[in-house]
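Q: After the sequence you'll find the predicted model.
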Amino acid sequence: MTIPTHELNDGTTLPAIGFGTHRLTGEDGVRAIEHALETGYRLLDTAVNYGNEEEVGDAIRRSGAPRDQIRVTSKIPGRHHAYDDAIASTRESLERLGLARLDLHLIHWPNPSDGLFPETWRALVDLQKEGLVTSIGVSNFTESHLRRIIEDTGVTPAVNQIELHPLFPQEEMRTVNESLGIRTESWSPLGKRSAPFDQAPVQAAAEAHGVSPGQVILRWQVQLGAVPIPKSATPERQRENLDVFGFELDDAEMAGISALAQPDGRLFGGDPDHHEEQ
Ligand SMILES: NC(=O)c1ccc[n+]([C@@H]2O[C@H](COP(=O)([O-])OP(=O)(O)OC[C@H]3O[C@@H](n4cnc5c(N)ncnc54)[C@H](OP(=O)(O)O)[C@@H]3O)[C@@H](O)[C@H]2O)c1
């Protein structure tokens, strides 16, 4: 299956869909990630906090997928935000992954009350110069966080990975990202425990196109221009989640799914200093 790609602002490319690995740990985790690579996923999303960078590295080696065709993402946790800690954190990630470089490295959360995210960003800029990281980006950043690091360094993140699903479509942040030339990635792209699989607009589109509700939601993501990174430990769901490039939602279907937005639709409570980094 050929997956379309997006060009990033640093000249590299990102597959239009990726694979989330949160909670995929141990031997079962390795098998699930290896299966995802065999199914055709070429963008993997891990983080120091997922405790599975070793599993991701093992799965890559076991799958036999060519290294230069895979984009491996990891993330620096809040407790590693000081400049030297961020550099050490990245080297440790590479060691656990067994890789010479990361394809995309993100600041996991801004943790603004610590005031350290600008220096974490400077560390990422230096790591990119050194060649340990190909693309650099952020996660869960608001417009003011983004503007601060761009003003400081002149370097714009390639990606901002944010919570985005039908109950929380993030229209404003998608517009901010786009206006700054930043690609939006969607975490919990199905909506995790609140996935609206049973809602009428999703059900109707699934029936009209002969696909599953999960495929409808992921196709909606793709047509928004966001890069979803669904997680599944189930081989059949891994396959169907990747198979979203053979049909197209019309404007009314897109609008119907976006209209599922709820004022309290976000999974994460909203305080960027008090959260469980996932
Ligand atoms: N940057 C951040 O702060 C942040 C925060 C949260 C998540 N993330 C990243 O985003 C990734 C995805 O988010 P997520 O894991 O929270 O949520 P998600 O991908 O929206 O949902 C995953 C859940 O949906 C189920 N599922 C997957 N495909 C399905 C389908 N086609 N039909 C029905 N159910 C399906 C999975 O079950 P099975 O596994 O049993 O199939 C799993 O329980 C994470 O793995 C992580 O890499 C990043």
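A: Right, received. Where do you want to start?

Q: switch to C-alpha atoms for all contacts and neighbour counts from now on
A: Will do.

Q: Quick check: residue 9 vs the ligand, distance?
A: Separation of residue 9 from the ligand (CA to the nearest ligand atom, to the nearest Å) stands at 20 Å.

Q: where does that residue land in three-state SS?
A: Here residue 9 takes the coil state, with states given by DSSP: H, G, I helix; E, B strand; the rest coil.

Q: Could you double-check that it sits in contact with residue 179?
A: No. Contact between residue 9 and residue 179 fails when scored by CA atoms under 8 Å: they sit 11.9 Å apart.

Q: out of the two, which sits in the busier spot?
A: Counting neighbours by other CA atoms under 10 Å for residue 9 and for residue 179 shows that residue 9 has the greater number, 16 against 10.

Q: Spatially nearest residue to the more buried one (excluding sequence neighbours)?
A: Excluding the flanking residues, the one nearest residue 9 by CA to CA, 6 or more residues apart in numbering is residue 158, at 5.6 Å.

Q: Helix, strand, or coil at the residue sitting furthest away from the middle of the chain?
A: In the chain, counting by CA atoms, centre = their mean, residue 208 sits farthest out from the average C-alpha position, at 28.6 Å. For residue 208, the assignment made with three-state DSSP gives helix.

Q: wait, what's in contact with the residue nearest to residue 9?
A: 8, 9, 10, 135, 136, 137, 181, 182, 183 (CA atoms under 8 Å, 6 or more residues apart in numbering).

Q: bridging residues for the fourth one?
A: Per DSSP bridges, residues listed as beta-bridge partners of residue 135: residue 104.

Q: okay but it is in contact with residue 128, surely?
A: Yes. Counting by CA under 8 Å, residue 135 touches residue 128, with 6.9 Å between them.

Q: Between these two, which has more neighbouring residues?
A: With neighbours defined as other CA under 10 Å, residue 135 and residue 128 compare such that residue 135 has more, 27 against 19.

Q: how about the residues of the stretch 101-250 of the chain near the ligand?
A: Contact residues (CA under 6 Å from any ligand atom) of the stretch 101-250 of the chain with the ligand: 108, 139, 161, 187-192, 214, 229-234, 237, 241.

Q: Test of understanding: give the bridge partners of residue 183.
A: Residue 183 has these beta-bridge partners by DSSP bridges: residue 159.

Q: typed the wrong thing, it's residue 227
A: On the basis of DSSP bridges, residue 227 is bridged to residue 185.

Q: For burial, what's the neighbour tally of it?
A: Should you count by other CA under 10 Å, residue 227 turns out to have 27 residues around it.

Q: dump the residue contacts of it.
A: With CA under 8 Å, 6+ apart, residue 227 has these contacts: 15, 16, 17, 18, 183, 184, 185, 186, 221.

Q: run the last query once more with 6 Å
A: 16, 17, 185, 186 (CA atoms under 6 Å, 6 or more residues apart in numbering).
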